[in-house]
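Q: sequence unknown, structure follows:
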């Protein structure tokens with residue numbers, strides 16, 4: 001993919017995967033309640049993991065991917081990311097993680113790239129909870145994918161089945177409404193992800209190091 005000057009930054013959050021996820025959760029919690037508005041179209045943040053937060057600095061706007069990417073320390077655009085012209089979103093993340101090694105066009109497309117994301121069998125503190133975009137027959141429209149950062153796993157939530165036992169920090173328009181316009185970034189349980197037919201716990205596993 002072509003490089004964009006000043007973009008594709010990745011910062012190191014810890015020397016081991018466990019410590020990196022722990023730092024991701026700490027960063028996620030640090031953003032709860034900040035005066036950030038939800039905004040899906042560009043400019044929607046997530047371009048500088050070294051900034052004080054995920055939002056676009058001029059508009060104070062962000063979307064869910066911006067928040068998750070900032071938490072984990074990467075720019076949502078990565079010139080080495082093999083799908084969607086380098087842009088990481090809920091759907092491209094799941095495609096990269098789920099189709100790697102498959103005998104499909106996408107599987108063959110990503111075969112030469114080092115892994116970026118991995119689907120987990122159960123949630124871990126600091127991993128992502130990702131729902132894929134889908135067509136709703138009741139709403140007769142596409143429902144945009146959604147992502148959050150797991151920050152707490154209560155008893156009964158260890159296997160990921162009971163979403164009410166999993167606490168997630170995420171950026172959403174519903175959070176903005178719930179807080180009466182205070183912040184789109186809030187900590188809630190994960191039950192809203194129950195509407196997504198494709199729902200996965202995902203870890204960031206890029207091994208190329210900071211840049």
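A: On my side now, so go ahead. Note that the structure is a prediction, hence the values are computed from the model and not measured.
Q: Hmm, residue 77 and residue 89 touching each other?
A: No: between residue 89 and residue 77 there is no contact under Cβ atoms under 8 Å: 10.4 Å. C-betas here are computed from N, CA, C, even on glycine.
Q: neighbour-wise, which of those two wins?
A: residue 89 (23 against 20; other Cβ atoms under 10 Å).
Q: what's the spacing between the more buried one and residue 190?
A: 19 Å (Cβ to Cβ, to the nearest Å).
Q: Let's verify the most centrally placed residue in the chain: helix, strand, or coil?
A: Closest to where the C-alpha atoms of the chain average out (Cα atoms, centre = their mean) is residue 68, at 3.8 Å. Three-state call for residue 68 (DSSP: H, G, I helix; E, B strand; the rest coil): helix.
Q: Hmm, residue 147 and it touching each other?
A: Yes: the criterion here is Cβ under 8 Å, and residue 68 meets it with residue 147 at 4.7 Å.
Q: who touches both of the two?
A: 128, 170 (Cβ atoms under 8 Å, 6 or more residues apart in numbering).
Q: Any regions of this protein where pLDDT drops low?
A: Scanning the chain for pLDDT under 70 picks out 1-2, 209-211.
Q: just checking, what packs against the longest strand along the chain?
A: Secondary structure of the chain per DSSP state E: the longest strand is strand 146-153. With contacts taken as 3 or more Cβ pairs under 8 Å, 6 or more residues apart in numbering; DSSP states H and E, strand 146-153 sits against helix 17-30, helix 64-72, helix 90-99, strand 128-131, strand 166-171.
Q: Adjacent strands (with direction) for the shortest one?
A: Which is strand 128-131. Sheet pairing of strand 128-131 (DSSP bridges) gives strand 146-153 (antiparallel), strand 199-204 (antiparallel).
Q: likewise the last one?
A: For strand 166-171, the paired strands and their directions (DSSP bridges) are strand 146-153 (antiparallel), strand 185-189 (antiparallel).
Q: circling back to that earlier point, of all the helices and strands packed on strand 146-153, which one is nearest residue 42?
A: Ranking the helices and strands packed on strand 146-153 by their distance to residue 42 (criterion: Cβ to Cβ) puts helix 64-72 first, at 10.4 Å.
Q: Contacts for that closest one, please.
A: Applying Cβ under 8 Å, 6+ apart, the external contacts of helix 64-72 come out as 13, 20, 24-25, 27-28, 31, 44-49, 51, 53-55, 75-76, 88-90, 126, 128, 146-149, 169-172, 185, 204.
Q: quick check, residue 176 in a helix?
A: Yes: applying three-state DSSP, one finds residue 176 inside a helix.
Q: What is the neighbour count of it?
A: 19.
Q: Would you agree it is in contact with residue 35?
A: No: look at residue 176 against residue 35 with Cβ under 8 Å: they stay out of range, at 10.3 Å.
Q: tell me the contacts of residue 43?
A: Residue 43 neighbours (Cβ under 8 Å, 6+ apart): 56, 58, 59, 61.
Q: what's the distance between residue 183 and residue 28?
A: From residue 183 to residue 28 the distance is 13 Å (Cβ to Cβ).
Q: With that, I have no additional questions.
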